[in-house]
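Chemist: fold the following for me, if possible:
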Amino acid sequence: MAKTRSVFFCNACGFESTRWLGRCPQCEAWNSFDERPFAVPTRAAKAVASARGAAPVAIELGAIDSAKIARLQSGMGEFDGVLGGGIVPGSVTLIGGPPGAGKSTLLLQIAGRLCKNGRVVYVCGEESAAQVKLRAERLGIDAPLLVHAETNLRAVLDALERTDPVALIVDSIQTVWLPDAESYAGSVTQIRDCTQALMEFSKRTGCATFIVGHVTKDGAIAGPRLLEHLVDTVLYFEGETTGEYRILRAYKNRFGSIDEICVFAMHDRGLNEVHNPSELFLAGREERPSGSCVVASIVGSRPVLVEVQALVGESSYGTPRRLANNLDQARLAMILAVLERRVGMHLGTHDVYASVAGGLRVNEPAVDLGIALAIASSFRDRPLPPHSAAFGELGLSGELRSVNASARREAEARKLGYRTIFSPEQYRDVASAIAAALS
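Modeler: Numbers count the residues shown, from 1 in each chain. Here you go, the predicted model:
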């Protein structure tokens, strides 16, 4: 007979301890430990279990059937590119984002297109089957999609054993629950146990699983941090959800590169792919005012042109403000220090605001020169030359350092009609680049 004991776990990150702790040593959250009983099997129970189960057999790498790892195509080229070239059978993908971003709409569209490859099951824990049908009619989906309006995950998995689907969509992980887990739906225990059950089913049967995850008020995916470690891929909708466009970014991908993005346009008929994001982020303006600079950036594996905007004004208070939107705040402070020390711009009494237009967040160092040019243009109230773009990393001594994929960045800029390129290959330091741009 199994013995019963208790374990304490953090409801913020899932860290377990044999005793109660006031502060979690992993996520440093205070008063976040809850008690949970669990059964420890005895030696006799372990012996019976080992006698019943067959010993696992190792498989030689060359003997693995290649047909089992052939990627499925969703019918959306941009979405397949974010996943690394298609959907891997047996993979578990977590899709997060704020309410109204389009998570359920995107997965319902993908489910309708995957039906040509086999059975696809859509588990709707937040909606009824009639509501899913209503949304499918609005999106123009007419496919033999199987809908489970059920939150008991054990009953769903038992039914899936007889269905043999090629893809499974769970919307959302916060609404499903397992009867053998002593907690409520949406708790840390239920989220972790349900994800582990879905992962075991997906790896064993080769069913590609998509999980919808809610987000907290801070913008992070709700549930324990272990949830993101268990799944194979983490996709997240970022940017503003009130506009027309949606940006889906890969933050984790075991089968492809990270930081890949795809841009969708939200319409009445669902999400439509935007094949050239550069035209979207540049807003179609030919003549730009002072404080605006086009930057050739690399997002994932594709070159994308974005517009960096800066505004410099006299400070009304003793301490000037420095705000960065969709940019690294610490990097903005470093660029301002270099401009003041190496270029001679007295920005200590000025407020500085910098932003990337279009809602795309850019973190790579190659945007340093574009930020510096935008700030210098706004500070001197002089626009940059028309049809010009920039890229390059800025060093603390004011030098410009080369960045990766320079040829691809320049080719993308020239393809869109930008004839003047400010890059480390042409200028050795930021002072000479600013002098040439504002002359």
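Chemist: quick check: bridge partners of the closest residue to residue 79 other than its chain neighbours?
Modeler: Leaving aside its sequence neighbours, residue 79 sits nearest to residue 262 (CB to CB, 6 or more residues apart in numbering; 5.6 Å). Heads up, the C-betas are built off the backbone N, CA and C, glycines and all. Counting by DSSP bridges, residue 262 forms beta bridges with residue 248.
Chemist: all strands for the stretch 1-150 of the chain, in order.
Modeler: Secondary structure of the stretch 1-150 of the chain, counting by DSSP state E, counting those that start in this stretch: strands at 3-10, 16-17, 33-40, 92-96, 120-124, 146-148.
Chemist: doesn't residue 102 make contact with the residue nearest to residue 79?
Modeler: No: under the criterion of CB atoms under 8 Å, residue 262 is not in contact with residue 102, lying 11.7 Å apart.
Chemist: rewinding a little: least reliable of the strands of the stretch 1-150 of the chain going by mean pLDDT?
Modeler: Ranked on mean pLDDT, the bottom entry among the strands of the stretch 1-150 of the chain is strand 33-40, at a mean of 68.
Chemist: distance of residue 109 relative to residue 102?
Modeler: 9 Å (CB to CB, to the nearest Å).
Chemist: neighbour count: the two, which is higher?
Modeler: Higher neighbour count among residue 109 and residue 102: residue 109, with 24 against 19, using other CB atoms under 10 Å.
Chemist: what's the spacing between the closest residue to the more buried one other than its chain neighbours and residue 105?
Modeler: Closest residue to residue 109 apart from its sequence neighbours, by CB to CB, 6+ apart: residue 270 at 5.2 Å. As for residue 270, its distance to residue 105 is 5 Å (criterion: CB to CB).
Chemist: overlap in contacts of those two?
Modeler: The contact sets of residue 270 and residue 105 overlap at residue 139 (CB atoms under 8 Å, 6 or more residues apart in numbering).
Chemist: by contact count, what packs against the longest helix seen in the chain?
Modeler: When the chain is parsed with DSSP state H, its longest helix is helix 188-205. Helices and strands touching helix 188-205, by 3 or more CB pairs under 8 Å, 6 or more residues apart in numbering; DSSP states H and E, are strand 3-10, strand 92-96, helix 153-163, strand 167-171, strand 208-213, helix 226-230.
Chemist: what's in contact with it?
Modeler: Looking at what lies outside helix 188-205 - CB under 8 Å, 6+ apart - the contacts are 9-12, 14, 34, 36, 90-92, 153-154, 157, 160, 164, 168, 170, 173-174, 176-178, 180-184, 207-209, 211, 222-224, 226-227, 230-231.
Chemist: mind saving the C-alpha coords of that helix as PDB?
Modeler: What follows is helix 188-205, C-alpha atoms only, in PDB (Å, rounded to 0.1, in the frame of the first residue of the first chain):
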ATOM      1  CA  VAL A 188      -0.200  25.300 -10.900                       C
ATOM      2  CA  THR A 189      -0.700  21.600 -10.200                       C
ATOM      3  CA  GLN A 190      -3.400  21.100 -12.800                       C
ATOM      4  CA  ILE A 191      -1.500  23.100 -15.500                       C
ATOM      5  CA  ARG A 192       1.600  21.100 -14.900                       C
ATOM      6  CA  ASP A 193      -0.100  17.700 -14.800                       C
ATOM      7  CA  CYS A 194      -2.300  18.400 -17.800                       C
ATOM      8  CA  THR A 195       0.700  19.500 -19.900                       C
ATOM      9  CA  GLN A 196       2.600  16.400 -18.900                       C
ATOM     10  CA  ALA A 197      -0.300  14.200 -19.900                       C
ATOM     11  CA  LEU A 198      -0.600  16.000 -23.300                       C
ATOM     12  CA  MET A 199       3.100  15.700 -23.900                       C
ATOM     13  CA  GLU A 200       3.100  12.000 -23.100                       C
ATOM     14  CA  PHE A 201       0.200  11.400 -25.500                       C
ATOM     15  CA  SER A 202       1.800  13.500 -28.200                       C
ATOM     16  CA  LYS A 203       5.200  11.800 -28.100                       C
ATOM     17  CA  ARG A 204       3.700   8.400 -27.900                       C
ATOM     18  CA  THR A 205       1.200   8.800 -30.800                       C
END
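Chemist: now do it against helix 153-163, angle only.
Modeler: Taking axes from the mean of the first three to the mean of the last three CA atoms, to 10 degrees, helix 188-205 and helix 153-163 form an angle of 10 degrees between their directions.
Chemist: now for residue 109 and residue 102: what residues contact both?
Modeler: residue 271.
Chemist: looking at it, residue 361 is touching residue 326, isn't it?
Modeler: Yes: Residue 361 is in contact with residue 326 according to CB under 8 Å; the separation is 4.4 Å.
Chemist: could you list the buried residues of stretch 388-399?
Modeler: 388, 389, 390, 391, 392, 393, 394, 395, 398, 399 (16 or more other CB atoms under 10 Å).
Chemist: try stretch 78-86
Modeler: Neighbour counts over stretch 78-86 (16+ other CB under 10 Å) mark 78, 79, 80, 81, 82, 83, 84, 86 as buried.
Chemist: repeat that for stretch 336-355.
Modeler: So, applying 16+ other CB under 10 Å, buried residues of stretch 336-355: 336, 338-339, 342-343, 345, 347, 350-355.
Chemist: now, which of these sits nearest residue 417?
Modeler: Ranked by distance to residue 417 (CB to CB), those are led by residue 355 at 23.5 Å.
Chemist: which SSE is the closest one in?
Modeler: strand 350-356 (DSSP states H and E).
Chemist: ok, that strand: who's next to it in the sheet?
Modeler: Per DSSP bridges, strand 350-356 is paired in its sheet with strand 302-314 (antiparallel), strand 322-325 (parallel).
Chemist: I'd like these as JSON lines, with mean neighbour count appended.
Modeler: JSON lines is the format used below for the strands paired with strand 350-356 (neighbours: other CB atoms under 10 Å):
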{"stretch": "strand 302-314", "mean neighbour count": "20"}
{"stretch": "strand 322-325", "mean neighbour count": "15"}
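Chemist: closest one to residue 414 among these?
Modeler: Nearest to residue 414 among the strands paired with strand 350-356 is strand 302-314; the distance by CB to CB comes to 10.7 Å.
Chemist: kindly report the domain assignment for this protein.
Modeler: 3-49, 68-275, 283-437 (automatic domain parsing).
Chemist: what residues are up against residue 147?
Modeler: Contact analysis of residue 147 by CB under 8 Å, 6+ apart lists 121, 122, 124, 129, 132, 133.
Chemist: quick check: of those, which lies closest to residue 140?
Modeler: residue 133 (12.8 Å).
Chemist: quick check: bridge partners of the residue lying closest to the closest one once chain neighbours are set aside?
Modeler: Sequence neighbours aside, residue 147 is the residue nearest to residue 133 in space, at 7.6 Å (criterion: CB to CB, 6+ apart). Using DSSP bridges, the bridge partners assigned to residue 147 are residue 122.
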